[in-house]
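# Need a 3D model of the following:
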Amino acid sequence: MAEWYLFDGVDQLGPLDRRDLEDRIRRHSNPSTARVWRDGFSDWKTVEEALDAGPASSPEPALSPRPDDHSGQVKRWNFVARHWRGEFPLGISHWVVGNLSNIFAVFVIGLATALNQGSYDPFRLFLFYVLVWAFVTMLAIWQLVGIWRSAQRRRDERVAMGKRAVWAGLAKLLVCLGVLNTVFVLIRTGIPQISEATSVAFFDDPRLPPYAIKLLNNGSEVEISGGIKFGLSNDFERILNASSGVRTVHLDSLGGRIGEGKKLNAMIGARGLDTYVEARCLSACTLVFVAGRQRVLKKGAQLGFHRAAFAGDDKLDDSAERSIYRTAGVPQAFVDRALATSNASIWIPTEAELLAAGVVTRISSGDEYAVAGIEGKLTRDGWDKALQKSAPLYQVLKEKYPATYDEVLDIFVNGASRGLPQAEVVGQTRTKIGDLTRKLLPQADDAVLIDFGRLVLDQYTAIQAQDKAACYKYASGQPDQNVIKMIPAPLAEREAELNARIIRSTQVRADSINNDRSWEKIRAGLSRKGYAGRDIEMLTGETIGEADHARYCDLAVALYQEITALPSKEAVAVLREVLS
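Predicted coordinates for the structure are as follows:
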């Protein structure tokens, strides 16, 4: 007698006779999920309860709801749980539930990213990555387990009917591939991002070096060195609030976090400060550099660009960087090339490229800025190594005159610790080395003396062309820092190279010979240029009136012109006499 109804988890079947019912239950992939009803049952029962139940005990069974009424209660079971148990048909589970859940995931992640955009708080970023990847992982597990179970149910049904289950097998294969893909994405992206965010939030971002902030040059300059890491912008703001005289920000960094770079950029731009790089400014540091009202690069220093490197940063694309560079007026072509550079490498443009793009407004010798240690960490030993690498002069000075070298080292160490202007430190060093070389010059090689005479002539001429009063100071041996700044860089480099040769070539020389005939030639040459005997005496005078400063300069230039015009042997002899 057909009196049974079966709900197999998806569809309601019936009325069925007992044999048909039992046959369907045997072929069901998961009989525990099925429900059975017949006249006399007050509600749907499990298979075990229904088939073990005897006939209704009452000749007038209680009114029982129609099967359609009771099936609604079963069908209202949770959608998530039904998919998890594999109760949906395989096509629904794979195509509908799978695609809809993927769309839902994209929406949720996009919303979370939008809500988190602009946040540079390390703990908030940590929570963002943990929650996003936990959501992605759980959703993937729910999707794949539900599809697998639905495929298994489909396979069992097909096998029970004596048919092949190709689609179910293919679905299982796709589930296996999905598991592998999920694991791959987690290993390649998820775990590194969470690990990075963890180190930033709880371990002070150990991949980046510590940062340091130091006031220089009587509080008119401030140096930021080390990593651009979380917390730097807050500390920098406190320094600026307490030091109203700051006008220039030194940058010396290998880079770091875009979020902190963006904050520093906003502070520097809002206060109209200049930026200056003495050694290097790479990656996120360049975001800070372009905020300067004047952006100055020391000759030989490096600016390095590439796209964001760290997964734990505020953005996964380069839109934040592009926005900062555009605001600074950097051309689009330059920005495109900079951000096309992989974060595993670095693009260091030439000075000409930086100036043409307006990234740098001026190349400087650095004299007007304070001396700053590389990343603020140069100790005495650090300065020693830096000087030894910088020029042969310091190498030969340390080798032959270690006491003088120690005094030079003291000048740099003390100058950096006090934040003195570089020109002042270089001037003190120049004076110290100059005192030594003047004593050694009479004992230097002949070729060195000839080159020295030509260098002096070129230096006098260069300063003469700018200011004859300054030329007088320099020629009379009383230059100040402003006068020294007037010496062109190539001549300063020649002087440093020549000083090394002077120190290296010094040895005991024979007594000087009689130079009377040479001096007669020099006086004759000066006379032809309009200089009389009293003019020559002015060069040896102790007091020179201000009115004679210009003529003193002209005469000094003319004198060295005549000396260097002599035959080499005569010129060397006269120079040894003059310098003695």
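# From now on I want contacts and neighbour counts done on CA atoms only, so please keep to that.
Fine.
# Name the spans of the stretch 201-350 of the chain whose pLDDT lies under the cut-off.
For the stretch 201-350 of the chain, the stretches with pLDDT under 70 are 309-317.
# the helices in it, which residues?
For the stretch 201-350 of the chain, helices defined by DSSP state H, counting those that start in this stretch occupy the ranges 232-242, 258-271, 285-289, 319-327, 332-339.
# Any idea which of those helices gets closest to M486?
For those, proximity to M486 was assessed by CA to CA; helix 285-289 is nearest, at 28.3 Å.
# just checking, what packs against the longest helix that the chain contains?
In the chain, ranked by residue count with DSSP state H as the criterion, the top helix is helix 122-160. With contacts defined as 3 or more CA pairs under 8 Å, 6 or more residues apart in numbering; DSSP states H and E, the packing partners of helix 122-160 are helix 18-27, helix 79-84, helix 90-91, helix 98-116, helix 166-185, helix 191-202.
# of all the ones you listed, which lies closest to K385?
Counting by CA to CA, and looking across all of those, nearest comes helix 191-202 at 32.9 Å.
# List the buried residues of the closest one.
Applying a neighbour-count criterion of 16 or more other CA atoms under 10 Å, the buried positions in helix 191-202 are Q193, I194, S195, E196, A197, T198, S199, V200, A201.
# again with stretch 401-416
With the criterion 16+ other CA under 10 Å, stretch 401-416 contains buried residues Y405, V408, L409, D410, I411, F412, V413, G415, A416.
# returning to that earlier point: deepest of the helices of the stretch 201-350 of the chain, which one?
With neighbours defined by mean count of other CA atoms under 10 Å, none of the helices of the stretch 201-350 of the chain is more surrounded on average than helix 285-289, at a mean of 29.
# helices or strands up against that helix?
Under the contact rule (3+ CA pairs under 8 Å, 6+ apart), helix 285-289 is packed against strand 248-253, helix 258-271, strand 274-282, helix 319-327.
# Which among the ones you listed is found nearest to D435?
Proximity to D435 (CA to CA) singles out strand 274-282 among the helices and strands packed on helix 285-289, at 28.3 Å.
# Run the chain-centre distance for the closest one.
Taking CA atoms, centre = their mean, to the nearest Å, one finds strand 274-282 lying 12 Å from the centre of the chain it belongs to.
# what do you get for stretch 416-428?
Between the centre of stretch 416-428 and the centre of its chain there are 28 Å (CA atoms, centre = their mean).
# before we move on, what about stretch 389-398?
Mean-position distance between stretch 389-398 and its chain equals 32 Å (CA atoms, centre = their mean).
# Which positions in the longest helix of the chain come out as buried?
Within helix 122-160, the residues scored as buried using 16+ other CA under 10 Å are 122, 125-126, 128-130, 132-133, 136-137, 139-158, 160.
# Against R326, how distant is R257?
Distance check for R257 against R326: by CA to CA, to the nearest Å, it reads 19 Å.
# Next: T506.
Note on T506: its distance to R326, by CA to CA, is 58 Å.
# Also K163?
The spacing between K163 and R326, counted by CA to CA, is 66 Å.
# And G477, by the same measure?
Computed with CA to CA, the distance linking G477 and R326 is 51 Å.
# can you check D11 too?
In terms of CA to CA, D11 sits 61 Å off from R326.
# which residue is nearest the centroid of the protein?
The structure's the chain has its C-alpha centroid closest to G255; by CA atoms, centre = their mean the separation is 2.2 Å.
# Report how many residues lie close to the closest residue in space to G292 that isn't next to it in sequence.
Using CA to CA, 6 or more residues apart in numbering and skipping the chain neighbours, the partner closest in space to G292 is D274 (4.4 Å). Number of residues near D274 (other CA atoms under 10 Å) recorded here: 21.
# ditto for R247
For R247, the count of nearby residues is 18 (other CA under 10 Å).
# Could you measure from it over to G231?
22 Å.
# Kindly report the same for D406.
38 Å.
# cool, L100 as well?
Using CA to CA, we find L100 at a distance of 42 Å from G231.
# Now tell me what touches the one helix or strand A416 maps to from outside.
Assigned by DSSP states H and E, A416 belongs to helix 402-418. If you take CA atoms under 8 Å, 6 or more residues apart in numbering as the criterion, helix 402-418 is touched by 216-217, 370-373, 379-380, 383-384, 394, 397-398, 421, 425, 428-429, 432-433.
# Buried ones from the residues you listed, can you make that a PyMOL selection?
Entered in PyMOL, the line below selects the buried ones among the contacts of helix 402-418, by 16+ other CA under 10 Å:
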select buried, resi 216+217+370+371+372+373+383+384+394+397+398+421+425+428+429+432+433
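# Other residues contacting the helix or strand hosting I503?
Using DSSP H and E, I503 sits within helix 489-505. Contacts of helix 489-505 with the rest of the structure, by CA under 8 Å, 6+ apart, involve 365, 392-394, 396-397, 400, 433, 437, 440-441, 443-445, 448, 451-452, 455, 458-459.
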